[in-house]
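1. Quick check, what structure comes out for this input:
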Amino acid sequence: MGSSGVGRFGDYKGDNEPTRDMCSMERKNVGLEEVGRSAYFNVSENVPAIMEPVVLSEQLKNGRLVIISEETGEEIGFLPSKYSFLLACMRKGFRYKGNVAYSTSKPIPKVDVDLYAEE
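-> Numbers count the residues shown, from 1 in each chain. Next up is the predicted model:
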């Protein structure tokens, strides 16, 4: 059986380098993972407000790409594995900033972000 495109090994493209267009594309409403376990949620006992500025950390955490609050420096959540190619984009000089597009703490903590590339 093959994967259905949800972060399984079958989704990885191997050694293919992302194109410039892939790196510079805006990403809207990206749902973060493990928000309820994040430093931000554990410290504030809440999710960040809509429009709070965020950045994609240049440092991996447990081998994963992490979104952090630009205001507090605390991790908010992880990017899904389908965005792992952004690490190669960052090595090419791209940086990613944006803002919280959606957040709720109930029934489970959830945060979506919009990300924009900077060169």
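2. From here on, just use CA atoms for contacts and neighbour counts.
-> Noted.
3. mind checking the backbone torsions on the most centrally placed residue in the chain?
-> In the chain, the C-alpha closest to the average C-alpha coordinate belongs to residue 79, at a distance of 3.2 Å (C-alpha atoms, centre = their mean). Per-residue torsions, residue 79: phi -70, psi 140 (degrees, to the nearest 10).
4. Give me the pLDDT value at the residue nearest to it when sequence neighbours are not counted.
-> Excluding the flanking residues, the one nearest residue 79 by C-alpha to C-alpha, 6 or more residues apart in numbering is residue 32, at 5.3 Å. According to the prediction, residue 32 has pLDDT 98.
5. Let me know how buried residue 32 is, in neighbour terms.
-> By other C-alpha atoms under 10 Å, the residues close to residue 32 number 18.
6. Please report phi then psi for it.
-> Torsion angles, degrees, to the nearest 10, at residue 32: phi -80, psi 150.
7. and if you look at residue 18?
-> Here residue 18 shows phi and psi, under degrees, to the nearest 10, equal to phi -70, psi 150.
8. residues in contact with it?
-> 85, 88-89 (C-alpha atoms under 8 Å, 6 or more residues apart in numbering).
9. hang on, the residue nearest to the centre of the chain packs against residue 33?
-> Yes: when contacts are counted by C-alpha atoms under 8 Å, residue 79 is listed as touching residue 33 (6.3 Å).
10. which residues in the protein form strands?
-> 27-31, 53-56, 66-69, 75-78, 95-104, 110-118 (DSSP state E).
11. CSV please, covering those strands and showing mean neighbour count and distance to residue 38.
-> Formatted as CSV, the strands of the chain follow (neighbours: other C-alpha atoms under 10 Å; distance: least, C-alpha to C-alpha, whole Å):
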stretch, mean neighbour count, distance to residue 38
strand 27-31, 16, 14
strand 53-56, 23, 14
strand 66-69, 23, 10
strand 75-78, 24, 5
strand 95-104, 20, 14
strand 110-118, 21, 11
